[in-house]
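Engineer: What follows is a predicted structure for the sequence shown.
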Amino acid sequence: MNTDILNLTADVLVIGGGPAGTWAAIKAARAGADVILADKGYCGTSGPTASGGTGVWYVPPSEEARQAAMDSRDRLGGFLADRGWMRRVLNQTWDNMNELADEGKYPFPVGPDGQQMRRGVQGPEYMRIQRLRTTRAGVRILDHSPALELLTDAYGAVAGARGYRRQEGTHYTVRAGAVVLATGGCAFLSKALGTNVNTGDGALMAAEVGAELSGMEFSTAYAIAPEFSTVTKTAYYSFATFYREDGSVLEGAGSQGGRSVIARELLTNRVFCTLDGASPDDQAAMRLGQVNFFLPFDRAGINPFTDRFPVTLLLEGTVRGTGGVHVAGEHGETSVPGLYVAGDAATRELICGGFTGGGSHNAAWAMSSGVWAGRAAAIHAKGLGARAGDRTVSGAGGAALVPTGTPGRPDGYQDVLRVVREQVHPYDKNYLRHADRLTPALAALNDTWDQLRSSLYATDGDAVRARSAAAMIAHARWMYTSALTRTESRGMHTRQDYKDTDPAQHHRLLVGGLDTLWTAPSTWTRDLAAVAS
């Protein structure tokens, strides 16, 4: 174990270097804060956004256009979204995308009318610019430096974090007046492109200091991908015809509303498809919009518009789902002083309700929530004054860092990962939900949690992997506990044993705890009569 420690202080520590993290860091720095950003990978290249392209919920500021944009999501999300938050995000996203064009010089394509089309971004270029803007704002970036645990002061307020610098093989400590968690959602190491850094670490750290989560039952996001590729651009499959292994058409299968048909067929047989509904103009636009989608096809000599190719479903969990850390205020506050949350680490129910926002809504939420959390964290830290860096702090991390019993093998996290694959990845447990399958799966996850809390212990690089494994088990337990509590089908949470939507359960569901989990309806309400009118 390398005992060298890099000790740093800052006003604001941002954990995570994707869109939400970089926007948070930039805005915190511009608010006068001294900012450090710690990324699990290399800021600007790691994560799902940097690996591809995404649409953005960028809607012209006309009442008619904005109203239509909000209306389109209501029923899909089970009427759990909030119009006030939707408007805030639409307004902030409009400003951010214009800032990205005017100040960041992002090369948006130009339409036939000579105007830039700002409804989407190419991830690699977007994140290259975001890293450049972050460094120009004076932010200190710690690359390849995953955080392991949050620090708290004597009053329970968050006061920084400890982590590990993977390339240097050293530990680091950052004392800070406020922390922004922008660590992304959890895709459970499914190998969906860019998501292997998304293992739910931020949610575990938040829960360890007492924060709640919300919407964790809305986590059944599985994306269509070729068997031979990890690229998940499900929108392109709206042009597809799906086939059984014997060549017959798989009726009802589709990218929207028909993914469960694909999942059921995949339980026993392979599924094939052809993107034969795309016109020549569509094909040209698709190749221009998502170049990396076509690379595996071109290398294999497959024309996806005419040839049949085998597909699978890759779990994207809360990367595409809407669950995450509960947002307790308008500026990304959690219920824990000094802790803020942004992007996919936070619940997106506020704008998406119980149905995935796909790329566009999530991208808009990431940049908007990042702005709000960064600014608020800077204000909070400045309010503490010089004493922020002088506080007595202690580590809040438990699982894999402080076992309650006799420490076991440092590679014990491998056993935990096996349980994740067995209990979370399968379609018939996580996607085609039924109490008869969810209940034993949750029991297995609970047993694994008890065992890892007792004996899992690792240091240095193994600690990073062990903490991620613990975070995935914790994430899955919150998901399944919430899924069993919501005895209805709403949004993307579909119960095979409760197929109808229950008006009595028109509420968001909070979940929390570590060793003992709890759920409770949130106090948020929405007037459905007003929606109907």
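Structural biologist: Nice, thanks for sending it over. Numbers count the residues shown, from 1 in each chain.
Engineer: going forward, measure contacts between C-alpha atoms and count neighbours the same way
Structural biologist: Noted.
Engineer: Look up how far Ile36 lies from the closest residue to Leu189 other than its chain neighbours.
Structural biologist: Of all residues not flanking Leu189 in the chain, Asn196 sits nearest, at 5.2 Å (CA to CA, 6 or more residues apart in numbering). From Asn196 across to Ile36, the span is 23 Å (CA to CA, to the nearest Å).
Engineer: Name the residue in the two with the higher neighbour count.
Structural biologist: Per other CA atoms under 10 Å, whichever of Asn196 and Ile36 has more neighbours is Ile36, with 25 against 16.
Engineer: mind listing the strands for the stretch 1-150 of the chain?
Structural biologist: Ranges of strands in the stretch 1-150 of the chain, per DSSP state E, counting those that start in this stretch, are 5-15, 35-38, 53-55, 120-122, 140-142, 147-152.
Engineer: do the stretch 351-500 of the chain as well
Structural biologist: Remark: strands assigned in the stretch 351-500 of the chain by DSSP E, counting those that start in this stretch are 394-395.
Engineer: Output stretch 176-187 as PDB, nothing but the C-alphas.
Structural biologist: The C-alpha coordinates for stretch 176-187 follow below in PDB (Å, rounded to 0.1, in the frame of the first residue of the first chain):
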ATOM      1  CA  ALA A 176     -13.500  21.700   0.200                       C
ATOM      2  CA  GLY A 177     -16.300  24.000   1.300                       C
ATOM      3  CA  ALA A 178     -18.700  22.200  -1.000                       C
ATOM      4  CA  VAL A 179     -18.800  19.100  -3.200                       C
ATOM      5  CA  VAL A 180     -20.700  18.600  -6.500                       C
ATOM      6  CA  LEU A 181     -21.400  15.000  -7.300                       C
ATOM      7  CA  ALA A 182     -21.500  14.600 -11.100                       C
ATOM      8  CA  THR A 183     -20.400  11.000 -11.300                       C
ATOM      9  CA  GLY A 184     -23.100   9.800 -13.700                       C
ATOM     10  CA  GLY A 185     -25.600   6.900 -13.400                       C
ATOM     11  CA  CYS A 186     -25.000   3.200 -13.200                       C
ATOM     12  CA  ALA A 187     -24.900   0.800 -16.100                       C
END
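Engineer: Averaged pLDDT, that stretch. What do you get?
Structural biologist: The pLDDT scores in stretch 176-187 average 98.
Engineer: Tell me the buried residues in that stretch?
Structural biologist: The neighbour-count check on stretch 176-187 (16 or more other CA atoms under 10 Å) flags 176-187 as buried.
Engineer: For those, which two are the farthest from each other?
Structural biologist: Farthest pair in these (CA to CA) is Gly177 and Ala187. Separation: 30.3 Å.
Engineer: The residue nearest to Leu189 in helix, strand or coil?
Structural biologist: Assigned with DSSP: H, G, I helix; E, B strand; the rest coil, Asn196 falls in the coil class.
Engineer: backbone phi and psi for it, please?
Structural biologist: Asn196 adopts backbone torsions of phi -70, psi -10, taken as degrees, to the nearest 10.
Engineer: so where's the stretch 251-400 of the chain shaky on pLDDT?
Structural biologist: Across the stretch 251-400 of the chain, residues meeting the criterion (pLDDT under 70) sit at 386-389.
Engineer: how close does the nearest residue to Gly324 once chain neighbours are set aside sit to Ala328?
Structural biologist: In this structure, Gly324 finds its nearest non-sequential neighbour in Thr347, 3.9 Å apart by CA to CA, 6+ apart. Going from Thr347 to Ala328 by CA to CA gives 10 Å.
Engineer: Same drill for these two, tell me which one is more crowded.
Structural biologist: Shown here are Thr347 and Ala328; by other CA under 10 Å, Thr347 has more neighbours (27 against 15).
Engineer: quick one, what contacts the spatially most central residue of the chain?
Structural biologist: The residue lying closest to the centre of the chain (CA atoms, centre = their mean) is Gly185, at 2.5 Å. Gly185 sits next to 198-200, 317-320, 324, 344-345 when contact means CA atoms under 8 Å, 6 or more residues apart in numbering.
Engineer: How much space separates it from Leu295?
Structural biologist: Distance from Gly185 to Leu295, by CA to CA: 26 Å.
Engineer: now Gly461
Structural biologist: Distance, Gly461 to Leu295, by CA to CA: 33 Å.
Engineer: what sits against the residue nearest to Thr356 when sequence neighbours are not counted?
Structural biologist: Residue nearest to Thr356 in three dimensions, not counting chain neighbours: Gly321, with 4.9 Å by CA to CA, 6+ apart. Neighbour list for Gly321: 218-221, 355-357 [criterion: CA under 8 Å, 6+ apart].
Engineer: Quick check: Gly321 vs Gly184, distance?
Structural biologist: Counting by CA to CA, the gap from Gly321 to Gly184 is 11 Å.
Engineer: what's the answer for Gly247, then?
Structural biologist: Taken as CA to CA, the span from Gly247 to Gly184 is 39 Å.
Engineer: again, but for Asp450
Structural biologist: As judged by CA to CA, Asp450 and Gly184 stand 25 Å apart.
Engineer: ditto for Phe79
Structural biologist: The gap separating Phe79 from Gly184 is 24 Å, by CA to CA.
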